[in-house]
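1. sequence first, then the predicted structure, then my questions.
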Amino acid sequence: MLAAQGRAGAAHDHGQDRGAGGEHGHERGHDHGERRFAGPAPVVDGLGVGDPAPRLRVGSWLKGEPIASFEPGRVYVIEFWATWCLPCEKSIPLLSTLQARHAERGVRVVGVSVFEDRSCEVAPYVARQGERMSYTVAADSVLEGATAAQGAMVLSWLKPSGETSLPTAFLVDGTGTIVWIGDTHSLEQPLEQVLAGTWDLAQAKVEHGKRVRVRSLRTTLNAQVREKLWEKALETIEEMRALDPTTEARTAAWRFAALLNLGRDEEAWAYGRAVLEGLLKDDALALNVIAWTVVDPRAPKRASRDLDFALAAAERASELTERRNAAILDTLAVVHFERGSVALAISTEEEAIALAEGAPWAAELRERLELFRRALRAPSGGRLASR
């Protein structure tokens, strides 16, 4: 089902399955199945800042010169991304800029596509990017019979480091040591300092320790959200923010959901409006979760529902994704329906279904469309779940 935490439009809990977990946005679960590789796979026990970088065991080089090994004295950026990941798409211009800016200093930027259920789509995606993606690009090595989460790069880099969020970058210095791990969008300053020789590796290890703790709390939060333990979820969100203030953006949708589900409506609406206009104004995935939280037909009836707010959030999410995300359009369709705009709900749901063609959850959208059509023929009161 398209549960609230799964409205992120194929951007978490691996498999594009909109399952629970992943805060509001970019998660993919590690275990994409229990089948094993047909042959041995390299798995490192623990990987963090200060450790030697594993080998690059990619399946194919799609752009740029292949890299056989890390050359002494050369700095590398190894970024993990996926074609389905909206934040990854936003990181492409940054990586291209950094490659161009530091090419003369020997920097190599490498984007490695992982967690791809449809690996045949990766090369065409890269080709469509053209010069926008002007750095080296590779695809993970996934043997026949294995799943996307059993790729060699996933098993040797992401899984041992505990990194399941995309996009994630690893910064490797001239000695072949991993000196930084983090969200690609935070890469620029560490790279500049490594190149200038001012990078503090000891402090980086301390900061990475905080990142590991935040990651553990994130797993806890995902479970609390799934189990609807809203008081505990708020406590976890606060602990995450104390360790790393930047986590507020990644947990804002869940804070809103927790406040609303705890009956703290006035506080929830105020917070929702604030993040819609500020912190999350450009985060389509988070805004989608927030809008869905308001109109989720499976949620208990609430004391208040601000459908104008839900519409603003859903329309902004749709605008940011240029109406090309099926989950977001589905949310927008439900909001239209709840506001009484049944004809608009139908046309929007039809758009969503066209985009969701072939997805396992497309049947749910078709069922919803039929509900809308029945309502248009025989209008009746009540919420979507009762129609």
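-> Thanks, I have it.

2. any stretches of the protein with poor pLDDT?
-> 1-45, 379-387 (pLDDT under 70).

3. could you pull out the strands for it?
-> Along the chain, the stretches classed as strands by DSSP state E are 58-63, 76-81, 108-113, 136-140, 168-172, 178-183.

4. out of these, which gets nearest to Glu248?
-> strand 178-183 (13.9 Å; C-beta to C-beta). Quick note: C-beta positions are derived from backbone N, CA and C, even for glycine.

5. just want the angle from that closest one to strand 168-172.
-> Angle of strand 178-183 versus strand 168-172, following axes from the mean of the first three to the mean of the last three C-alpha atoms, to 10 degrees, is 160 degrees.

6. so what touches strand 178-183?
-> When contacts are defined by C-beta atoms under 8 Å, 6 or more residues apart in numbering, strand 178-183 is touched by residues 47-53, 161, 163, 165, 167-173, 187, 190, 194, 199, 201, 204, 208, 211.

7. please indicate which of these are buried?
-> Using 16 or more other C-beta atoms under 10 Å as the burial test, the contacts of strand 178-183 include 47-49, 51, 53, 161, 163, 165, 167-173, 187, 190, 194, 199, 204, 208, 211 as buried.

8. tell me where the longest helix sits in this structure.
-> The single longest helix within the chain, with elements called by DSSP state H, is helix 201-226.

9. export the strands of the chain to CSV and append columns for distance to Arg255.
-> Putting those into CSV (distance: least, C-beta to C-beta, whole Å) gives the following:
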stretch, distance to Arg255
strand 58-63, 38
strand 76-81, 27
strand 108-113, 32
strand 136-140, 34
strand 168-172, 23
strand 178-183, 19
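
10. any idea which of these is most buried?
-> Neighbour counts (mean count of other C-beta atoms under 10 Å) averaged over each of the strands of the chain peak at strand 108-113, with a mean of 26.

11. need the residues that contact that one.
-> Strand 108-113 is contacted by residues 56, 58, 62, 64, 67, 74-83, 92, 95-96, 98-99, 122, 133, 135-140, 153 when judged by C-beta under 8 Å, 6+ apart.

12. now the angle from it to strand 76-81?
-> Angle, strand 108-113 to strand 76-81, by the same axes, to 10 degrees: 20 degrees.

13. need the helices for the stretch 1-150 of the chain, in chain order.
-> In the stretch 1-150 of the chain, the segments counted as helices under DSSP state H, counting those that start in this stretch are 86-102, 122-129.

14. out of the ones you listed, the one nearest Ala310 is which?
-> Each of the helices of the stretch 1-150 of the chain has some distance to Ala310 by C-beta to C-beta; the shortest is helix 86-102, at 20.6 Å.

15. so which bits of that closest one are buried?
-> Result for helix 86-102 [16+ other C-beta under 10 Å]: buried residues Leu86, Pro87, Cys88, Glu89, Ser91, Ile92, Leu94, Leu95, Ser96, Leu98, Gln99, His102.

16. who's in contact with that helix?
-> Surrounding helix 86-102, the residues in contact under the criterion C-beta under 8 Å, 6+ apart are 9, 11, 25-26, 75, 77, 79, 81-82, 107-109, 111, 129, 131-135, 166-167, 184-185, 187-188, 191, 195, 284-285, 321, 325.

17. compute the inter-axis angle for that helix and strand 76-81.
-> Between helix 86-102 and strand 76-81, the angle comes out at 160 degrees (the same axes, to 10 degrees).

18. what separates helix 86-102 from the chain centre, distance-wise?
-> Counting by C-alpha atoms, centre = their mean, to the nearest Å, helix 86-102 is centred 17 Å from the centre of its parent chain.

19. just the C-alpha atoms of that helix, please, in CSV.
-> C-alpha atoms of helix 86-102 as CSV (Å, rounded to 0.1, in the frame of the first residue of the first chain):
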residue,chain,number,x,y,z
LEU,A,86,15.5,12.6,-7.4
PRO,A,87,18.1,14.1,-5.0
CYS,A,88,20.7,12.2,-7.1
GLU,A,89,19.6,14.0,-10.2
LYS,A,90,20.1,17.3,-8.3
SER,A,91,23.7,16.4,-7.4
ILE,A,92,24.7,15.9,-11.1
PRO,A,93,25.5,19.6,-11.8
LEU,A,94,27.5,19.9,-8.6
LEU,A,95,29.7,16.9,-9.4
SER,A,96,30.2,18.1,-12.9
THR,A,97,31.3,21.5,-11.6
LEU,A,98,33.7,20.0,-9.1
GLN,A,99,35.2,17.7,-11.8
ALA,A,100,35.8,20.7,-14.1
ARG,A,101,37.1,22.9,-11.3
HIS,A,102,39.6,20.4,-10.0
